[in-house]
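Q: Everything below, folded, please.
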Amino acid sequence: MLEKEVLIIGGGIAGITVALELSQFEIPVLLIEKNPSIGGLASTFCCKASESCNKCFACVVDKRIVEIHQKRNIQCLTRTEISGIRKNGKKFEVTLKQGRERIDLQVPAIVMAVGIDPYDATQKGEYGYGRYLDVITAKDLDEMLRYQGKLVRPSNGEFPTRLAFFQCVGSRDESIGNLYCSQVCCAYALRLIRAIRYQYPKVKVCFFYMDIQPAGPSFESFLKSCREDQGIRFIRSLPSKIYYSGASHLLKVRVPDPQTGEVMEEPFELIVLSVGMVLSQGARSLVQWLGLHYTEDGFIEASSSQEGVFVAGACSGPKDIDRTIIHAKGTALEVYQFLKGRD
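A: I've put the predicted structure just below:
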């Protein structure tokens, strides 16, 4: 049976940060990830610098991924999932599945760093995601810029000059039961917009929003610079529906005018949905096995963890990369203190 001091479930930036912090104390760690590589959702993000760094922290993720592979006391297993957990005295007996191979593990401490999933935008049928090729999510746009290195319309590969961003897709929405704010979407979308405007000055963007959530001490000055950008229009109203015009091959947006209340219509070449966060689907069985609880918003309740179980990152509630790293460092300290108290 394999023995380690800590099992970290999830190889995103939260799990990576916990592992790196614990490595400073020479604590043997096993980090497992169900996907073929570590890094999680944040590893697909592009750099969003414009005139200067816009503090998206995507570069930090890339650096941490390189760093973790250089640590001798951190073992990483990818394509690995948990098929069973049980408490045996002061330790957990965990069964891992890696392909057809079974690995039995015994650890005194487990860190849940299972991350989040983007809200499934197909559930908002009025926006046409999955039906109209030129309706994409912010994650899709991020991956387009990172891997293709250019901005294009998926429908025809042409360069779009008129973009619209819809905020709060899957968040603060009573109709789907997600009443919480995902907190990071406004800053995330605006950083994408500034990066696009910097690289492609001809692009004009319309930002449809409910209200704008602050994100860090430097956000206000960043938001001010966005509002001063003549290529970005802020409209405090959420669109009701998207229509496709076969004649013009454009997407038409219907939205209530915030001043008059009358419905106005405007065409766009590309529409970007800023989707909210939901707990990773793979977390459900783990929560049950470990006797954990959910918050009222459906994330993992960190404060109710049983002895030896810890929660790190956005699976405890929506967080951007920066706040996820800070939270994960705090979790790592809790794990260290727990292990030290057992000596």
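Q: which helix is the longest one in the protein?
A: The longest helix of the chain (DSSP state H) is helix 321-342.
Q: Give me the residues contacting that one.
A: Residues outside helix 321-342 that contact it (C-beta atoms under 8 Å, 6 or more residues apart in numbering): 5-6, 12-15, 17-18, 21-22, 25, 27, 42, 45, 55-58, 60-61, 90, 108-109, 111, 113, 216, 307-308, 310-314, 316, 319. C-beta here means a position set from N, CA and C on the backbone, and glycine is covered the same way.
Q: same deal with stretch 51-58?
A: Stretch 51-58 has contacts (C-beta under 8 Å, 6+ apart) with 42, 45-49, 188, 191, 194-195, 198, 216, 218, 222, 320-322, 325.
Q: Helix, strand, or coil at Ile85?
A: Under DSSP: H, G, I helix; E, B strand; the rest coil, Ile85 falls in the strand class.
Q: Bridge partners for it, pull those for me.
A: Per DSSP bridges, the residues bridged to Ile85 are Val94.
Q: rewinding a little: return a selection command, for use in ChimeraX, containing the buried ones of the contacts of helix 321-342.
A: The buried residues among those can be selected in ChimeraX (16 or more other C-beta atoms under 10 Å) with this line:
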select :5,6,12,13,14,15,17,18,21,22,27,42,45,55,56,57,58,60,61,108,109,111,113,308,310,311,312,313,314,316,319
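Q: so of the contacts of helix 321-342, which ones are in strands?
A: Val6, Ala109, Val111, Phe310, Val311 (DSSP state E).
Q: Could you single out the nearest of those to Glu269?
A: Checking the ones in strands among the contacts of helix 321-342 against Glu269 with C-beta to C-beta, the nearest one is Val311 at 42.0 Å.
Q: Contact partners for that closest one?
A: Counted by C-beta under 8 Å, 6+ apart, Val311 has contacts Val111, Met112, Ala113, Leu292, Ile300, Glu301, Ala302, Ser305, Thr331.
Q: Repeat that for Gly149.
A: Applying C-beta under 8 Å, 6+ apart to Gly149 gives no contacts.
Q: how close does it sit to Phe207?
A: 24 Å (C-beta to C-beta, to the nearest Å).
Q: and the contacts of stretch 51-58, which are buried?
A: 42, 45-46, 48-49, 188, 191, 194-195, 198, 222, 320-322, 325.
Q: biggest separation within those, which pair?
A: So for the buried ones among the contacts of stretch 51-58, where distance means C-beta to C-beta, the most widely separated pair is Tyr198 and Ile325, at 25.3 Å.
Q: Surely Ile193 and Val205 touch.
A: Yes: assessed by C-beta atoms under 8 Å, Ile193 is found in contact with Val205 at 5.1 Å.
Q: Find residues that contact each of those two.
A: With C-beta under 8 Å, 6+ apart as the test, Ile193 and Val205 both reach Leu163, Phe165, Ile232.
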